[in-house]
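Q: Pasting the sequence and the predicted model now:
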Amino acid sequence: MRPLLLFILLALSTTVVSLDPIGQMTERRKQRTEEARLAKEEAEKVEELKKQGHDEVGHTAEAALLRKHQLRKKRRKGLLRRKERDLASVLFPGVSPEVYMPKEEVLMYTDHVNSKKTQVPFEFYELPGCPAPKMTESRRKRQRKNLGARLQGIELKPAPYTMKIKEDIPCTPLCQSNIDIKKLRWLRKLVERQYRIHMTLDTLPVLMRSQQLNYAVRGYPIGFMAPPSYTGLDEDEYYLYNHLKFTIAYTNVGDSDSDADAGVHITGFDVHPISITHEIPASGLTPATEIDTCNAEGAKPVANDPATYLKLKAGTGKAELPVIFSYEVEWIETDLPWEDRWDVYLIGSPDDDIHSFAIINSLMIVLFLTGAIATILIRTLKKDIAGYNDMQSMEEAQEETGWKLVHGDVFRPPSTSPMLFSILVGTGVQIGTAFLLTMLSCMVRLINPMHKGQTLTGILVLYVLCGSVAGYVSARVFKFCDAKAWKRNMILTAAGLPGVLVGIFMILNFFLHMAGAATAVGFFMILAIFALLVCVSTPLVFVGSFMGFRAEKVSVPAKVNKVTRYVPKSPWYSAPPVSFLLGGILPFGSVCIELFFILSALWLHQIYYFMGVLAVVILILSATCAEVSIAMTYLQLCAEDHRWYWKSFWNCASAGLYLFLYSLWFLSSRLQLVGVLPVMVYISYMGMISICFALFCGAMGVMCSFVFVRTIYGALKVD
């Protein structure tokens, strides 16, 4: 009675809510009409602003409107994408703005000095320049470090430039640095390879904006190179940016009537680098020293002037180049809300529709494969099974051909390397489980992909915690193969993939140490990773293996013959290596579009936050691997080839080969790496990613093929 009463109450409540459905439809129609009118007015206003020559990157209200219109699709949320949200809640969910009070000291932090032409970054304080500021109690507020940040070499240190809220600082000499010949050659090399310096203020990366050229780019270059056509010399000339003009935009907050007492939100952080040859004082630089080109009375504003550019070249007969570094700060008030301060960083990024097209492309592949699998299961298999079960005599059974004749050998364990086979399948399942949990954590906002160190830490921790999954699956597969060396299986499952990846990483880390790269990991950090694997991952793998070996052996519907059946020659399309190459095309094709954006985020420092889209693509990849594996296994069994275990693995694992080849295309077409070490870094990391991708796809292929084979042979009436 109680369920019936609940149903009646629910029906009554629904009826009460929808007493006036016509009125509700009218209201929704009016709302949509109003939204369409407002959108049309906004589009007309945007077109008018573009005709008037307004830029999209400035601090004006017109620029903010242009940015908002361009990014309108990124602001939509919900399944039907009708509601709007600000980008700050997308990139940093749950983060509230920090309020700064007037005259409060605010620190900017240095980040890596990197280049798109090389994947070998350096630390800011490795460059010739001013030392780090003296640490005080108010300056000891540091961002927390994590395992992922340490592995990436990310260590935020306070920049030498001090500033206070709403206090403009005129040109101020900061320090004098004498750069020797060796450092000069190194700086010229960095300038030639287009290295850029990155800083953050209130988590905002520093921007170089040009309202005239309508562009904004993160970071600022160390210097610039002038060709002979510009200088009139016989060779390129290199110049150093030694003066920085910071422009910080803010918005007043609070209930105070006096602007001087109101707190502020920082909404913009810009820099304009300038190359200028400051006069070197004979008595050395002190806080009271006045320089004619900077802080002397009547000095002109510091600006880029070809006549005063600072050459990266020591004078004749001199062993070093004296350089004075200086800076200035300007605070400007804007009406830009704190929630919209990230808009300018996403200007020019790919539209969300491209990600929708990627999902549609993947879904078309899945629908095509689903149709093929449905044809196999519903029509062909059902007819074959019914015909085989209706046979009345042994003579009729002997005349039958195809997949039904190998029922006595199809469950014969693989004779080639069952140990390696079980380890690869178990490790692939572990990778898939860890990645799925990572995607779920990102979607429920436990992990923020904008924090790369946090994301890498989450991936490593979840991978380690999924060690019991690898141990269990590997043990079950190994036991099914009638193998006995269970201790060796446990150890190799725990140390197999981590050992390979850590070995590659240590070799690469050695060369990064030799080059002095900021991403080189210290010895104690390597020990910490080793301890994480030994003390956490290995025991979990042992627990999973113990449970897997204690469980009953996987049952199969048909007995295995004592004598192995002869395998006839297979058709070309179902024989390796053709079957391997054909099988990996569709799994890779289901992710290739989204893969472009992922590689751009990894190697071109672009922003990627589409975790929901990525989760859908991974699910589509899993479905594609399952269907490709089933189709290829069925074709192989129809050719009376019962050796499907390893082939089902490589049919899908070959997608990792296509991923690696795609990364080589990306290297040649999108990256402009210079030198051997950057190429080595890129190939090494992409090789490790391709291995993990191949293991996941291969494990999916084996597991789905086993379920398929067990299902179809379980439907046969075999004595």
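A: Nice, thanks for sending it over. Numbers count the residues shown, from 1 in each chain.

Q: Now do the contacts for the residue lying closest to Gly589 once chain neighbours are set aside.
A: Sequence neighbours aside, Ile365 is the residue nearest to Gly589 in space, at 6.0 Å (criterion: C-beta to C-beta, 6 or more residues apart in numbering). Glycine gets a C-beta too; all of them are placed from N, C-alpha and C. Counting by C-beta atoms under 8 Å, 6 or more residues apart in numbering, Ile365 makes contact with 586, 589-590, 620, 624.

Q: Tell me who's in contact with Lys479.
A: 486, 548-549, 551, 553-554.

Q: What ranges in the stretch 601-719 of the chain fall below the confidence cut-off?
A: 717-719 (pLDDT under 70).

Q: Which parts of the stretch 251-400 of the chain are strands?
A: Listed in chain order, the strands of the stretch 251-400 of the chain (DSSP state E, counting those that start in this stretch) span 263-274, 320-333.

Q: any low-confidence regions in the protein?
A: Using pLDDT under 70, the chain drops low at 1-25, 73-94, 135-145, 254-261, 348-353, 355, 377-402, 717-719.

Q: repeat that with 50
A: 3-4, 6-7, 9-19, 78-81, 256, 392-393, 396-397, 399 (pLDDT under 50).

Q: following the strand or helix carrying Val617, which helix or strand shows up next?
A: Element membership for Val617 (DSSP states H and E) is helix 611-638. Tracing the chain past helix 611-638, the next element assigned as helix or strand by DSSP H and E is helix 645-653.

Q: could you check the angle helix 611-638 makes with that following helix?
A: Using axes from the mean of the first three to the mean of the last three C-alpha atoms, to 10 degrees, one finds that helix 645-653 and helix 611-638 are set 140 degrees apart in direction.

Q: Could you list every helix and strand that helix 645-653 packs against?
A: helix 418-443, helix 578-583, helix 611-638, helix 676-714 (3 or more C-beta pairs under 8 Å, 6 or more residues apart in numbering; DSSP states H and E).

Q: Output the contacting helices and strands for the first one.
A: Contacts of helix 418-443 with other secondary structure elements, assessed using 3+ C-beta pairs under 8 Å, 6+ apart, are made with helix 452-465, helix 467-480, helix 486-515, helix 611-638, helix 645-653, helix 676-714.

Q: how about those in CSV, adding distance to Leu582?
A: Output for these, formatted as CSV (distance: least, C-beta to C-beta, whole Å):
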stretch, distance to Leu582
helix 452-465, 31
helix 467-480, 25
helix 486-515, 26
helix 611-638, 8
helix 645-653, 8
helix 676-714, 13
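
Q: From the chain's centroid, how far away is stretch 158-168?
A: Once both centres are worked out by C-alpha atoms, centre = their mean, to the nearest Å, stretch 158-168 turns out to sit 32 Å from its chain's centre.

Q: Looking at the contacts of Ile365, which is nearest Gln31?
A: Ile620 (34.4 Å; C-beta to C-beta).

Q: The closest residue to that closest one other than its chain neighbours: what's it in contact with?
A: Spatial nearest neighbour of Ile620, excluding adjacent residues (C-beta to C-beta, 6+ apart): Ser362 at 4.1 Å. Counting by C-beta under 8 Å, 6+ apart, Ser362 makes contact with 590-591, 593, 617, 620-621, 624.

Q: just Lys569 next, same as before
A: Contacts of Lys569 by C-beta under 8 Å, 6+ apart are Ala575.

Q: What helix or strand is the residue nearest to Ser441 when sequence neighbours are not counted located in?
A: The shortest distance from Ser441 to any non-neighbouring residue, by C-beta to C-beta, 6+ apart, is to Ile447 (4.5 Å). Per DSSP H and E: Ile447 is located in neither a helix nor a strand.

Q: quick one: Ile447 from Tyr685, how far?
A: Distance, Ile447 to Tyr685, by C-beta to C-beta, to the nearest Å: 21 Å.

Q: Likewise for Leu240?
A: Taken as C-beta to C-beta, the span from Leu240 to Tyr685 is 32 Å.

Q: Which one of the two is surrounded by more residues?
A: Between Leu240 and Tyr685, counting by other C-beta atoms under 10 Å, Leu240 is the more crowded of the two (28 against 17).

Q: and the nearest residue to Ala358 once chain neighbours are set aside, how many residues sit next to it?
A: In this structure, Ala358 finds its nearest non-sequential neighbour in Ile593, 3.7 Å apart by C-beta to C-beta, 6+ apart. By other C-beta under 10 Å, the residues close to Ile593 number 17.

Q: Now do the contacts for Ile593.
A: 354, 357-358, 361-362.

Q: repeat that with 7 Å
A: 357-358, 361 (C-beta atoms under 7 Å, 6 or more residues apart in numbering).

Q: go on, Phe511?
A: Phe511 neighbours (C-beta under 7 Å, 6+ apart): 677, 680.

Q: Thanks again, I'm all set now.
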